[in-house]
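Chemist: 3D model of this:
(chains A, B, C and D)
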There are 2 protein chains.
Amino acid sequence: MSLRHALLGLLVDKPASGYDLLKDFAGSLANVWPATQSQIYTELTKMAAAELITVTDAGPRGRKEYALTDAGLAELRHWLTEIPPNRPQRSDVLLRVFFLGVVDREQAREYLRGLAEKARQEHEELVGILERTDWEGGDLATYGRLALEYGLRFTDTRREWAEWAVDRIRT
Amino acid sequence: MSLRHALLGLLVDKPASGYDLLKDFAGSLANVWPATQSQIYTELTKMAAAELITVTDAGPRGRKEYALTDAGLAELRHWLTEIPPNRPQRSDVLLRVFFLGVVDREQAREYLRGLAEKARQEHEELVGILERTDWEGGDLATYGRLALEYGLRFTDTRREWAEWAVDRIRT
DNA sequence: TCCGCCATGTAAGCGGTTACATGATTGT
DNA sequence: ACAATCATGTAACCGCTTACATGGCGGA
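Modeler: Predicted coordinates for the structure are as follows:
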């Protein structure tokens, strides 16, 4: 149930509507916890019913602005520090690697070259974000920077690994 | 629908029963594509209905041995080379990092130290597998080795990142 | 005889994706 | 007047998890 916690986390910063939050998910959270419009609105309704958030304002076009309650903040802290991150990581990319033996070696190398190239592109995109963003002040900036660094190192490692793997498949 | 392809991939090597396959998922595939007993049996039934696999033998205790059909192998190759790996990666670990600002700095450091330690442990486990396994011959060995290397590099990068992150949170 | 393993199957529920559906407001 | 954007909601479907349920076979 981490979508719930993502929403709580975003609402710590400032009250927001479903529509506002949707934009956060399209932006900084897109690479960490993607969520769809449908999902967000449904979850916000449930969270309001559970009194983790409350409607604090109503704007035009039926806009509802939600804010965190004390119970919501407590739930977020509880999740952060006490819930073990136990999500089993699936990787269809690695799964394909496992079975590359069913295609010929040249196709296998081609697949791995593609992975390297994709990793390189993703890395560049993240470098772009690094350069374009102001990392001064604010908790979200501080910790967002850590998350970005994770992405930078991860994409770099992934590229190096794929290049190494291409070399290992010798005829 | 990658569980289907994982099963197809395993059946390339040799025919097997649901029970046999279950053990593969508990072993080498546990870190790549976890699956439960319930899921495996259900999917095998569907795959047999779709004629991607067929029952080739029946053992004691109702054991059914499945083998790949030509259509099954074709489907596996198609998935390997032509289906873009587009699975959005969610990470509740990184999500927590994003919101570490809601707990105090010492707790944040503690969390990151825990991540570093966990990465170190996972790395050691993989080193154990590396040393215990015979990597000679066979496609599964060759490509399994690539997958393992990915795990080794990834866990190492993760540990380094977490240690770096701890240092960055200064009071 | 009895325990452990072999072996399969089903049902309830949840989170996520895709698609459908509606309508108000603002700026040009 | 019209398009773009703001703004919310719902329904069908799918894959995964957890739990329940059943029973045969082999070795100690």
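Chemist: okay, now the domains of chain A?
Modeler: Chain A breaks down by automatic domain parsing into domains covering A:2-82, A:92-168.
Chemist: make a markdown table out of those domains and add distance to residue B:149, mean neighbour count and mean pLDDT.
Modeler: C-beta here means a position set from N, CA and C on the backbone, and glycine is covered the same way. Below are those laid out as a markdown table (distance: least, Cβ to Cβ, whole Å; neighbours: other Cβ atoms under 10 Å in any protein chain shown; pLDDT from 0 to 100):
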| stretch | distance to residue B:149 | mean neighbour count | mean pLDDT |
| --- | --- | --- | --- |
| domain A:2-82 | 24 | 17 | 96 |
| domain A:92-168 | 6 | 17 | 95 |
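Chemist: out of these, the one nearest residue B:123 is which?
Modeler: domain A:92-168 (12.8 Å; Cβ to Cβ).
Chemist: want to throw the domains of chain A into a markdown table with distance to residue B:66?
Modeler: Shown next, in a markdown table, are the domains of chain A (distance: least, Cβ to Cβ, whole Å):
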| stretch | distance to residue B:66 |
| --- | --- |
| domain A:2-82 | 35 |
| domain A:92-168 | 17 |
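Chemist: where does the closest residue in space to residue A:52 that isn't next to it in sequence land in three-state SS?
Modeler: Leaving aside its sequence neighbours, residue A:52 sits nearest to residue A:72 (Cβ to Cβ, 6 or more residues apart in numbering or on different chains; 3.7 Å). What DSSP: H, G, I helix; E, B strand; the rest coil gives for residue A:72 is helix.
Chemist: hmm, residue A:72 is touching residue A:66, no?
Modeler: No. With contact defined as Cβ atoms under 8 Å, residue A:72 and residue A:66 do not form a contacting pair (9.4 Å).
Chemist: residues in contact with residue A:119?
Modeler: Contacts for residue A:119 (Cβ atoms under 8 Å, 6 or more residues apart in numbering or on different chains) come out as A:155-156, A:158-159, A:162.
Chemist: now do 6 Å
Modeler: With contact set as Cβ atoms under 6 Å, 6 or more residues apart in numbering or on different chains, residue A:119 has these partners: A:155, A:158-159.
Chemist: ditto for residue A:14
Modeler: Applying Cβ under 6 Å, 6+ apart to residue A:14 gives no contacts.
Chemist: distance-wise, check it relative to residue A:139.
Modeler: According to Cβ to Cβ, to the nearest Å, residue A:14 stands 12 Å off from residue A:139.
Chemist: just residue A:32 next, same as before
Modeler: According to Cβ to Cβ, residue A:32 stands 16 Å off from residue A:139.
Chemist: what's whatever residue of chain A ends up closest to DNA strand C sitting at in phi/psi?
Modeler: Residue nearest to DNA strand C within chain A (Cβ to the nearest atom of the strand): residue A:38, separated by 3.2 Å. When read as degrees, to the nearest 10, the backbone of residue A:38 gives phi -50, psi -50.
Chemist: what does residue A:49 give?
Modeler: phi -60, psi -30.
Chemist: try residue A:59
Modeler: Per degrees, to the nearest 10, the backbone of residue A:59 is at phi -100, psi -170.
Chemist: just residue A:58 next, same as before
Modeler: Taking degrees, to the nearest 10, you get phi -130, psi 120 for the backbone angles of residue A:58.
Chemist: what are the ranges of the helices in chain A?
Modeler: A:2-13, A:18-26, A:37-49, A:70-82, A:92-98, A:105-132, A:139-168 (DSSP state H).
Chemist: tell me, what's touching residue A:72 and residue A:66 both at once?
Modeler: Common neighbours of residue A:72 and residue A:66 (criterion: Cβ under 6 Å, 6+ apart): residue A:53.
Chemist: report the central residue of chain A.
Modeler: The centroid of chain A falls nearest to residue A:32 when counting by Cα atoms, centre = their mean (0.8 Å).
Chemist: I figured that one hits residue B:93, correct?
Modeler: No. Contact criterion Cβ atoms under 6 Å: residue A:32 and residue B:93 do not qualify, at 9.3 Å.
Chemist: and residue A:52, how far is that from residue A:140?
Modeler: Using Cβ to Cβ, residue A:52 is found at 20 Å from residue A:140.
Chemist: give the contact list for the residue nearest to the centre of chain A.
Modeler: For residue A:32, the contact set (Cβ under 6 Å, 6+ apart) comprises B:91, B:94-95.
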